[in-house]
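Undergrad: just a sequence and a predicted model for now, questions to come.
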Amino acid sequence: MTQAEINQAAADHGFLDPNDAVAISFWIISIAMVAATVFFLMESTAVGGHWKTSMNVGSLVTLVAGVHYFYMREFWVQVHASPILYRYIDWSITVPLQMIEFYLILAAVQPTISKMMFWRLLIGTVIMLAAGYCGEAGFVNAWAGFAVGMAGWGAILAEIFVGEAGKVAAGGDRVNAQVRGSFETMRLIVTAGWSIYPLGYFFGYLLGGVDDSILNLIYNLADLVNKIAFCLAIWACAKTDDENWARLSEILSAPTGDGLLTADGVAGGFDQAARDEAAAKLIGNHSRVLIDICNPQPKTQGNLKRVGAESQAHVDQMLREVARRLLGRRPGAATISPAVPVGGAKQAWKDTAAYLAARTQSTEQQCPGRKPDMSEKAAAAFLAVVKEVADSA
């Protein structure tokens, strides 16, 4: 058989035609979505606690898209027409999940953020997708569907640029650089990346100026960027945000060889087991500790004075310095430079120490009904180092 005959036989039996760029793009993107799902799920185990939910939701986005792309690919190969229904079903699930991501990354650092922000994004998404589908499927006037869909997209853009979401993201110290970077990248994708869809609707469907092959190829490439790159933005910032703590964790878990290790400063007055236990508790739970210290609306222990959310970055810096000193002279610890508080960080360090001194529990009698945070020896080592770090500010 000649290559032309092979190609024709493949097409006749529902296999990929080497000359069909659209079908090939469906295949590549469906596999890419599956691969991205596995990647995001695996990476969710290696990032900070406040990023895990965002990573898992991101994996749902690519998983749902991957499944739908398998069906869209078969539809295109068999029917050779736009899989409008499958595409909108895909969008009706993945786009709301992407909107949830905006809420999740902000709520992790700003617990008081309004639930209405989530509902505004969700309602805008539903309006955009429902109107677009009804217009393309012929259930309503195509121009009316386009206009209402654009209004829904406009509501989303308004929320993430000038609404509560945009204001929280731009709130200075309330949002660290990693969260702000993730938010801005995601916002760019929702603005520039998503513009491809209404442009395709306008030029391809309303004006009929673009044939189905070109339109679906563009949509496929847009989905590749708007879904995988959207989640990659979250992953990249999560890895950057957790890098300092990951280094501390590596030092703690690395073998130390024979003999006991010493430590400098007040930590040297405690045995290695106590220091290691305190360091492990802090490093392993640093995200929750940070959120607890800076939580403006705590559900428990409201009598304790917490540190303002605007000082979250300074609190995180102090906690890392405490962990560094608890690690003592472990191999690799010398590569981490001591943290030095500047300006407002000094008061934040002192306020953090005061909170931890009142909050840390080493016996059940201190707070009946609540499990101790660590042993008495570990708590003594922890609080001594906390006080030393605060006194140095």
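TA: Cool, the structure landed.
Undergrad: after the top helix by length along the chain comes which helix or strand?
TA: The single longest helix within the chain, with elements called by DSSP state H, is helix 49-79. Using DSSP states H and E, the next helix or strand after helix 49-79 towards the C-terminus is helix 84-107.
Undergrad: ok so, going back, against which helices or strands is the longest helix of the chain packed?
TA: Helices and strands touching helix 49-79, as assessed by 3 or more CB pairs under 8 Å, 6 or more residues apart in numbering; DSSP states H and E, comprise helix 21-43, helix 84-107, helix 212-223, helix 230-253, helix 286-293. Backbone N, C-alpha and C define where each C-beta goes, glycine included.
Undergrad: can you redo these as JSON lines with mean pLDDT, mean neighbour count and distance to Met72?
TA: Putting the helices and strands packed on helix 49-79 into JSON lines (pLDDT from 0 to 100; neighbours: other CB atoms under 10 Å; distance: least, CB to CB, whole Å) gives the following:
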{"stretch": "helix 21-43", "mean pLDDT": "95", "mean neighbour count": "19", "distance to Met72": "6"}
{"stretch": "helix 84-107", "mean pLDDT": "92", "mean neighbour count": "20", "distance to Met72": "5"}
{"stretch": "helix 212-223", "mean pLDDT": "91", "mean neighbour count": "18", "distance to Met72": "8"}
{"stretch": "helix 230-253", "mean pLDDT": "81", "mean neighbour count": "19", "distance to Met72": "19"}
{"stretch": "helix 286-293", "mean pLDDT": "86", "mean neighbour count": "20", "distance to Met72": "38"}
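Undergrad: thinking again about what came up before, report the angle between the axes of the longest helix of the chain and helix 230-253?
TA: Regarding helix 49-79 and helix 230-253, their directions subtend 140 degrees when assessed with axes from the mean of the first three to the mean of the last three CA atoms, to 10 degrees.
Undergrad: before we move on, the earlier item: mind putting the helices and strands packed on helix 49-79 in TSV, distance to Asp351 included?
TA: Formatted as TSV, the helices and strands packed on helix 49-79 follow (distance: least, CB to CB, whole Å):
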stretch	distance to Asp351
helix 21-43	34
helix 84-107	23
helix 212-223	47
helix 230-253	21
helix 286-293	9
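Undergrad: any idea which of those gets closest to Ala267?
TA: helix 230-253 (13.7 Å; CB to CB).
Undergrad: can you pull the pLDDT of Val79?
TA: The predicted local confidence for Val79 comes out at a pLDDT of 88.
Undergrad: contacting residues for it?
TA: Contacts for Val79 were tallied using CB atoms under 8 Å, 6 or more residues apart in numbering; there are none.
Undergrad: now stretch 347-363: how far from the chain's centre is it?
TA: Taking the mean C-alpha point of stretch 347-363 and that of its whole chain, the gap between them comes to 29 Å (CA atoms, centre = their mean, to the nearest Å).
Undergrad: one more: stretch 64-75?
TA: 25 Å.
Undergrad: can you list the residues that contact it?
TA: If you take CB under 8 Å, 6+ apart as the criterion, stretch 64-75 is touched by 14, 23, 26-27, 29-31, 33-34, 36-37, 81, 83, 86-87, 89-90, 93-94, 97, 223, 227.
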